[in-house]
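K.L.:
any chance you can model this:
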Amino acid sequence: MSIKSKFKFWPIFLISILSFFPFLAIYIYITSPTESVAFPLVVFIIVAYFWFALVRTRVHKVIIEKNNIIVKRYYGLGRSAAYSFSKLDGFVVLFESGKLGISESLFILEKGKRVVCVCSYYLSNFNNLKLVLKENLTDLGEIKGHDNISDFLKKS
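P.N.:
Predicted coordinates:
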């Protein structure tokens, strides 16, 4: 048995478009005689923060096999890492609300640190992945409250 995550089209499309903004900002800087160098620099910093804070920690390609879970970060572009179910602590659940509704994220923990995120916002087969994870890992409960989320994210 092997189940692979499948990305939703729109979130990945938006991430891809956002990734081209620094190139657009550089083009505007080069072609506009009045634009300062601060403009492309600020755009680059915002996109870099987005990539390293959000994409690195949330947008993972996941393959669940019989005894382990394989993860590729940066929506499948990063290196693979394999984690044995027997060595994982379990997972915690986080519900977040936004303009598009409520999304659910499962943070899989190893030795108390977050190693994998499976997020309903980015994955079309989230519910299938969640069922398989519930069969193989311990549900450690829900993260509630902003303070707990901040503490939890700092640990990872």
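K.L.:
ok, the residue nearest the centre of the chain - contacts?
P.N.:
By CA atoms, centre = their mean, the chain has its centre lying nearest to residue 58, at 1.0 Å. Residue 58 is in contact with 105, 117, 119, 121, 122, counting by CB atoms under 8 Å, 6 or more residues apart in numbering. From N, CA and C alone the C-beta is placed, and that goes for glycine too.
K.L.:
make it 10 Å
P.N.:
Contact partners of residue 58, counting by CB atoms under 10 Å, 6 or more residues apart in numbering, are 11, 73, 75, 103, 105, 107, 117, 118, 119, 121, 122.
K.L.:
same check on residue 106?
P.N.:
Contact analysis of residue 106 by CB under 10 Å, 6+ apart lists 62, 90-94, 116-120, 126, 129-130, 133-134, 137, 139.
K.L.:
for residue 60, same thing?
P.N.:
5, 7, 69-76, 78, 81, 108, 115-119, 122-123.
K.L.:
could you redo the last one with a cut-off of 7 Å?
P.N.:
71, 72, 73, 116, 117 (CB atoms under 7 Å, 6 or more residues apart in numbering).
K.L.:
for the protein, which segments are assigned as helices?
P.N.:
Residue ranges of the helices in the chain, as given by DSSP state H, are 9-19, 21-31, 38-49, 56-58, 126-136, 146-155.
K.L.:
reformat those helices as CSV; add distance to residue 99 and mean pLDDT.
P.N.:
Output for those, formatted as CSV (distance: least, CB to CB, whole Å; pLDDT from 0 to 100):
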stretch, distance to residue 99, mean pLDDT
helix 9-19, 12, 82
helix 21-31, 20, 87
helix 38-49, 19, 86
helix 56-58, 17, 72
helix 126-136, 19, 91
helix 146-155, 18, 52
